[in-house]
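S.K.: Sequence and predicted structure are below.
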Amino acid sequence: MEPGILKRYSRENLKKREFSCSTFMIYLGVKKRYDMDHHTIVFAKDYRSNVRNIFQDRTLSDDMSFYVQNASITDPTLAPEGKSTIYILVPIGNRLGATDWAQEREPFKQMMLDLVTRRTPMKDLREQIEVERVITPLDWEEKGRIYLGATFNLSHTFAQLLYLRPRNRFEELDNCFLVVGGTHPGSGLPTIYESARISSNLLCRNTASRSRAEQPPGQGSRSAGSIRRVGDRTIRTRGGAAARLPSFLLMGLPAASAPGPDRLHLAQAPSER
Ligand SMILES: Cc1cc2nc3c(=O)[nH]c(=O)nc-3n(C[C@H](O)[C@H](O)[C@H](O)COP(=O)(O)OP(=O)(O)OC[C@H]3O[C@@H](n4cnc5c(N)ncnc54)[C@H](O)[C@@H]3O)c2cc1C
């Protein structure tokens with residue numbers, strides 16, 4: 001987009017926002033099944049330092065908190081018989097930190113495998129690995145196209161939470177709607193589905209009202225229109241409304257905008273006739 005069109009949400013302004021941490025991921029296919037719960041969270045012994053390293057210094061430490069998912073214990077079909085899938089998620093500073101991930105990728109992976117074997121029942125994990133995939137914050141940024149590798153998008157700080165998050169109807173461009181992690185109501189899958197519901201309702205409402213406005217005088221949209229259920233709402237449109245859809249853009253990226261009254265109504269699922 002040409003510089004100057006976006007003001008509140010220019011690149012420069014977006015850079016001033018707070019973005020979430022990143023993650024270091026180790027996805028493994030292993031030759032056995034471990035008798036471990038589906039979810040295991042291990043906290044760093046010095047949890048305060050760990051949190052400071054993630055969110056303030058954005059540096060690595062020897063003692064990290066991590067999450068292990070042993071999903072095959074719930075669904076054995078995820079891997080061939082007797083084998084399993086394991087993933088290890090390490091919350092880590094985003095790409096505002098100075099870590100050179102091209103250099104650190106392998107040493108950090110080895111350090112994490114040491115930590116995991118030490119602090120979980122998977123003592124022989126290294127010998128059991130059949131396939132692996134590692135994702136660093138740099139990979140999230142470059143291959144996943146995630147700004148700063150900030151996997152959870154805009155931080156959920158008070159000033160960027162719920163109503164204070166960018167709005168679903170983009171106020172700087174007509175007929176542009178934003179959706180998912182970077183927008184209202186927030187990141188995380190249940191909230192993201194809600195964001196999609198809100199944005200699609202806004203879009204349908206926008207389309208329906210434009211369609212009514214474009215009718216020749218004397219033709220009531222209700223008599224000529226069709227009725228559709230969208231989520232928990234009923235939308236009336238004229239025949240052919242879809243052909244006149246306004247140009248719009250649905251963006252799932254951490255760009256965005258700010259709160260507005262529309263969303264509040266929609267978040268409360270109003271009835272519309
Ligand atoms: C490792 C990990 C574990 C997680 N676990 C959980 C969990 O257990 N529960 C939970 O609720 N949430 C979890 N989350 C958070 C959740 O996954 C995210 O909040 C959610 O996926 C974000 O959805 P999104 O649609 O905003 O973005 P994404 O899912 O990142 O989708 C954006 C899409 O846009 C594509 N894209 C980027 N740039 C362009 C472009 N220029 N043109 C076209 N396409 C483009 C990307 O490739 C991507 O497919 C986890 C996140 C991570 C990283």
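M.R.: Perfect, I can see it now. Numbering: from 1, shown residues only.

S.K.: For the ligand, see how far away residue 57 is.
M.R.: Residue 57 sits 21 Å away from the ligand, going by C-beta to the nearest ligand atom, to the nearest Å. The C-beta positions use only the backbone N, C-alpha and C, and glycine is treated the same way.

S.K.: Now do that residue against residue 92, distance only.
M.R.: 11 Å (C-beta to C-beta, to the nearest Å).

S.K.: Compare these two and say which is more crowded by neighbours.
M.R.: The neighbour comparison of residue 57 against residue 92 (other C-beta atoms under 10 Å) goes to residue 92, with 28 against 13.

S.K.: what are the ranges of the helices in the chain?
M.R.: 11-15, 47-52, 101-119, 125-128, 137-142, 189-213, 221-224, 261-267 (DSSP state H).

S.K.: I'd like to know how many residues surround residue 33.
M.R.: 18.

S.K.: What residues of stretch 193-209 count as buried?
M.R.: Across stretch 193-209, burial judged by 16 or more other C-beta atoms under 10 Å covers 194-208.

S.K.: quick one on the thing from earlier: figure out which of the helices of the chain is closest to the ligand.
M.R.: Nearest of those to the ligand, taken as C-beta to the nearest ligand atom: helix 189-213 at 3.4 Å.

S.K.: re the thing from before, in a markdown table, list the helices of the chain along with mean pLDDT.
M.R.: Listed next are the helices of the chain as a markdown table, based on pLDDT from 0 to 100:
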| stretch | mean pLDDT |
| --- | --- |
| helix 11-15 | 89 |
| helix 47-52 | 96 |
| helix 101-119 | 97 |
| helix 125-128 | 98 |
| helix 137-142 | 98 |
| helix 189-213 | 90 |
| helix 221-224 | 44 |
| helix 261-267 | 35 |
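
S.K.: Output these as CSV; include the columns distance to the ligand.
M.R.: Shown next, in CSV, are these (distance: least, C-beta to the nearest ligand atom, whole Å):
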stretch, distance to the ligand
helix 11-15, 15
helix 47-52, 18
helix 101-119, 14
helix 125-128, 19
helix 137-142, 7
helix 189-213, 3
helix 221-224, 33
helix 261-267, 16
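
S.K.: Nearest to residue 84, out of these?
M.R.: Closest to residue 84 of these is helix 125-128 (C-beta to C-beta; 8.9 Å).

S.K.: Flag the shaky bits of this protein, pLDDT-wise.
M.R.: Across the chain, the ranges flagged by pLDDT under 70 are 217-273.

S.K.: mind checking the backbone torsions on the residue in the stretch 51-200 of the chain that the ligand sits nearest to?
M.R.: The stretch 51-200 of the chain approaches the ligand most closely through residue 181 (2.8 Å), counting by C-beta to the nearest ligand atom. According to degrees, to the nearest 10, the main-chain angles of residue 181 amount to phi -50, psi -40.
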